[in-house]
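Chemist: Build me a model from this:
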Amino acid sequence: MGRAWAGPLTVAATFAALLLWSFGRWTDPQVDFGRELYVPWQLAQGAVLYRDIGAIYGPLSQYVNAAWFAAFGPGLWVLIVLNAMVFAALLILLYRLAVHVAGRVSATVSCLLVVSLSGFGQYDSTANFNFMTPYAHEATHGLLLAFAGLACLRAFLARQRPREAVFAGLTVGAAFLTKLEPFLGALAATSVGVGLGLWSARAPAAQVRRTALAYAGGCLAAPVVAYALLWTAMPAGEALRGVLGSWPHVLKPAVRDIQFFRAGMGTDDVGFNLARSLLSTARCAAVALAAAGLAFALRGASRRVRRVACALAFGAVATALLRLGFREFWTDAGRPLPWFVAAGLLVAAGGLRAQRDDPGAAERRILSIALLVLALVMLLKMIFNARFLDYGFVLALPATALVAVMAIDWIPGWLERRGAAGAIFRASALAVVAAVAVVHVQVSSGWWASKTLALGSGRDRFMVGRRGQVLVSTLEILEAVTPPDSTLVVLPEGVMLNYLARRRNPTPYITFIPSEMLMFGERRMLESLQAEPPDLIVLLQRSNEEYGYGPFGTDYAQAIDAWVAGNYRPIGPLIGPVDVKRGAWARILARRDLAQDGAP
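Modeler: Down below sits the predicted model:
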């Protein structure tokens, strides 16, 4: 019993330690997360997604968060409690699945790595790439649903009943209502798993048909229910677009060609990114081959010699890796993930036929294949630029966990079956995992320590760095000199101010950055401003370099900028230094028919 709980307790202790260390320092004051607070706050007050508030993802996550706010009241910390439970549930599912396909040691190590890299981290100036305050809850909720689908798949493989196929399909259908990446990963993984399970069991045609219908019905259930519910509040076509989430947007060539998305995938310079990926993979492969070679060289060595060799291998690898600079090496550390996952998938699939007559072995092999399929599909959005940074906290999570499982369990086991000292390879792999975790926690701790300013109050209070100073000052002025019932639009991005000041945005559009303007259309967004002009506008400037655009009103959004200039006037001085690149200035404007001479 003690050994069985050692791993989960270690993971729980690490979770708690990093939670306390980083407490209240996960949130970006301007980018993304304000939407994750503002939208459920408005939905809990009676607004309807897609009708009253524009959204580019499916409806599930925002309505889950809205229900949470309705039950416990709005608050950043109310939502963080829910997010901590989501992350804990994902870790439990990951641990149980990893134990089933490998063992307790590799399951524990993979969960520790995920906690260190994805739970609370920050690796550059923008936060929100963690499970406590994610840039989009659809990403974290969708990944949790994908792992839940694999847990249902495991039950199906053990029992071969259509009921478990229905449950697996339900998780896929629910993931459809979040984001594309976890939905496609869940769909591919569970479909492959169910299909291979039926093939392995030599199921008769009638059972195959019943299972396929049960699975398909489960996949359709959540989208159909969501469509019916949305249809009660809006026209059928608008409800359908809401259920489809991101699909209508990603099909637009102008959206797919945005520099930000191409750079994230690595298709902005395929040759350069492919070369860097292969170089990083070659470095990792060299370490792996050296460890495997030493394992074979010590084939006949005594246990004492092997122990000494393990200690030396761990120390040498860890020391070498920890001496490498973060920007020079660790930013590329995730690039080998697609290659290793693809290699693992080929090996796992190649050995399936030989285990077909062993139900237990075949079940574990099929579940391993399904996990690898999930990991590979999740990496497609960053296929030539795989990384732990930014979106990697969720997109690279399955691959990171599985590569750890391969290095600590599957490969050492293969070596030991051939008489080699697999423990040598395992020790080297543990050193790599430890170095990855230590380096990324160390980088995150630097960002956490830099956040010494408080933004918000009460259950909405969190800490920010110098970049958040302008929001602290702007919020103080908004609350001091503007009526509580005034409406507010922040341009181009900063709906966090709406939420913290409890000022409603009268338009459906809450972010005016280039990507969303391409999705919704500038003309449509301008018409919504003209139809119901807000009482206040805050110009909270930010750089748009990642999108290939200049600041708001320069080479995009000129029509909106001109409308604002003609209809609004400043009610106070410029807030913060003029530093467009860092987004470090703001100006509060009031409608000309409301502003008065001498207003503060």
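Chemist: which secondary element of this protein has the worst mean pLDDT?
Modeler: When each helix and strand of the chain is scored by mean pLDDT, DSSP states H and E, helix 253-256 comes last, with a mean of 78.
Chemist: Check which residues of that helix are buried.
Modeler: Buried residues in helix 253-256, defined by neighbour count with 16 or more other Cβ atoms under 10 Å: residue 255. All C-beta atoms are positioned from the backbone trio N, CA, C, and that covers glycine.
Chemist: Tell me how many other residues crowd residue 454.
Modeler: Residue 454 has 13 neighbours, counted by other Cβ atoms under 10 Å.
Chemist: Surely it is in a strand?
Modeler: Yes. Residue 454: assigned to a strand according to DSSP: H, G, I helix; E, B strand; the rest coil.
Chemist: For it, name its beta-bridge partners.
Modeler: Per DSSP bridges, the residues bridged to residue 454 are residue 463.
Chemist: do you know how far it is from residue 475?
Modeler: Distance from residue 454 to residue 475, counting by Cβ to Cβ, to the nearest Å: 11 Å.
Chemist: Could you do residue 456 as well?
Modeler: From residue 456 to residue 475 the distance is 8 Å (Cβ to Cβ).
Chemist: anything in contact with each of these two?
Modeler: With contacts taken as Cβ atoms under 8 Å, 6 or more residues apart in numbering, residue 456 and residue 475 have residue 500 as neighbours in common.
Chemist: check contacts around the closest residue to residue 246 other than its chain neighbours.
Modeler: Nearest residue to residue 246, sequence neighbours excluded (Cβ to Cβ, 6 or more residues apart in numbering): residue 180, at 5.3 Å. Contact analysis of residue 180 by Cβ under 8 Å, 6+ apart lists 245-247, 250.
Chemist: so what's residue 180 scoring on pLDDT?
Modeler: You'll see residue 180 listed with a pLDDT of 95.
Chemist: how's the protein carved up into domains?
Modeler: According to automatic domain parsing, the chain comprises the domains 2-23+31-272+355-403, 453-591.
Chemist: Quick one: closest of those to residue 279.
Modeler: Nearest of the domains of the chain to residue 279, taken as Cβ to Cβ: domain 2-23+31-272+355-403 at 10.8 Å.
Chemist: Now do the closest one: distance to the chain's middle.
Modeler: 9 Å (Cα atoms, centre = their mean, to the nearest Å).
Chemist: list the contacts for residue 88?
Modeler: Per Cβ under 8 Å, 6+ apart, neighbours of residue 88: residue 15.
Chemist: any idea which element it lies in?
Modeler: Assigned by DSSP states H and E, residue 88 falls within helix 76-101.
Chemist: Where does the prediction get shaky in the chain?
Modeler: Residues of the chain meeting the criterion pLDDT under 70: 1-2, 577-583, 595-600.
Chemist: residue closest to the middle of it?
Modeler: With distances taken as Cα atoms, centre = their mean, residue 394 lies nearest the centre of the chain, 3.3 Å away.
Chemist: Can you tell me the closest non-neighbouring residue to that residue?
Modeler: residue 139 (4.7 Å).
Chemist: Counting neighbours, what do you get for the one you found?
Modeler: Residue 139: 23 neighbours (other Cβ under 10 Å).
Chemist: Tell me the helices and strands packed up against whichever helix or strand it is part of.
Modeler: Following DSSP H and E, one finds residue 139 within helix 137-159. The helices and strands touching helix 137-159, judged by 3 or more Cβ pairs under 8 Å, 6 or more residues apart in numbering; DSSP states H and E, are helix 60-72, helix 76-101, helix 162-176, helix 180-200, helix 359-378, helix 392-395, helix 397-405.
Chemist: So which bits of the fifth one are buried?
Modeler: The one in question is helix 359-378. Buried, per 16+ other Cβ under 10 Å, within helix 359-378: 362-378.
Chemist: So what touches stretch 313-321?
Modeler: Residues contacting stretch 313-321 (Cβ under 8 Å, 6+ apart): 287, 291, 294, 424, 427-428, 430-432, 434-436, 439.
Chemist: ok, 6 Å please
Modeler: With contacts defined as Cβ atoms under 6 Å, 6 or more residues apart in numbering, stretch 313-321 is touched by 424, 427-428, 431, 434-435.
Chemist: again with stretch 249-269
Modeler: 56, 273, 381-382, 384-385, 515, 518-519, 546-548.
Chemist: any chance of those residues in CSV, with neighbour count too?
Modeler: As requested, these are exported to CSV (neighbours: other Cβ atoms under 10 Å):
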residue, neighbour count
56, 19
273, 20
381, 19
382, 25
384, 21
385, 26
515, 20
518, 18
519, 17
546, 16
547, 18
548, 16
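Chemist: Residue 493: which of those is nearest?
Modeler: Nearest to residue 493 out of the contacts of stretch 249-269 is residue 515 (Cβ to Cβ; 10.6 Å).
Chemist: Distance check, that closest one against residue 575.
Modeler: Residue 515 sits 26 Å away from residue 575, going by Cβ to Cβ.
Chemist: Where does residue 569 sit, in terms of helix or strand?
Modeler: strand 568-570.
Chemist: Could you pull up the residues touching residue 520?
Modeler: Contacts of residue 520 by Cβ under 6 Å, 6+ apart are residue 54.
Chemist: Use 358 as the first number from now on
Modeler: I'll keep to 358 as the first residue from here, and by that count the last item is residue 877.
Chemist: What are the phi and psi values at it?
Modeler: phi -90, psi -30 (degrees, to the nearest 10).
Chemist: Next: the one 4 residues further on.
Modeler: Main-chain dihedrals, residue 881, degrees, to the nearest 10: phi -60, psi -40.
Chemist: Could you tell me the backbone phi and psi angles at residue 893?
Modeler: Residue 893 adopts backbone torsions of phi -130, psi 150, taken as degrees, to the nearest 10.
Chemist: That one and residue 404, how far apart?
Modeler: Counting by Cβ to Cβ, the gap from residue 893 to residue 404 is 19 Å.
Chemist: Pick out whichever of those two has more residues nearby.
Modeler: residue 893 (24 against 16).
Chemist: ok, back up a step: the contacts of stretch 606-626 in helices, which ones?
Modeler: Within these, membership in helices is found for 630, 872, 875-876, as judged by DSSP state H.
Chemist: Name the nearest of those relative to residue 638.
Modeler: residue 630 (12.4 Å).
Chemist: Contacts only, for that closest one.
Modeler: So residue 630 contacts 623, 741-742 (Cβ under 6 Å, 6+ apart).
Chemist: Relative to residue 463, how far out is it?
Modeler: For residue 630, the distance to residue 463 - Cβ to Cβ - is 30 Å.
Chemist: Out of the domains of the chain, which is the most enclosed?
Modeler: For the domains of the chain, average neighbour numbers computed from mean count of other Cβ atoms under 10 Å are highest in domain 359-380+388-629+712-760, which has a mean of 20.
Chemist: For residue 798, see how far away the closest residue to residue 418 other than its chain neighbours is.
Modeler: In space, residue 418 comes closest to residue 494 once its chain neighbours are excluded; the distance is 4.0 Å by Cβ to Cβ, 6+ apart. Going from residue 494 to residue 798 by Cβ to Cβ gives 24 Å.
Chemist: Over to residue 595?
Modeler: From residue 595 to residue 798 the distance is 45 Å (Cβ to Cβ).
Chemist: Please apply the same query to residue 391.
Modeler: Distance from residue 391 to residue 798, by Cβ to Cβ: 27 Å.
Chemist: same deal with residue 893?
Modeler: Applying Cβ to Cβ to residue 893 and residue 798 gives a distance of 41 Å.
Chemist: element containing residue 696, please.
Modeler: Using DSSP H and E, residue 696 maps to helix 694-707.
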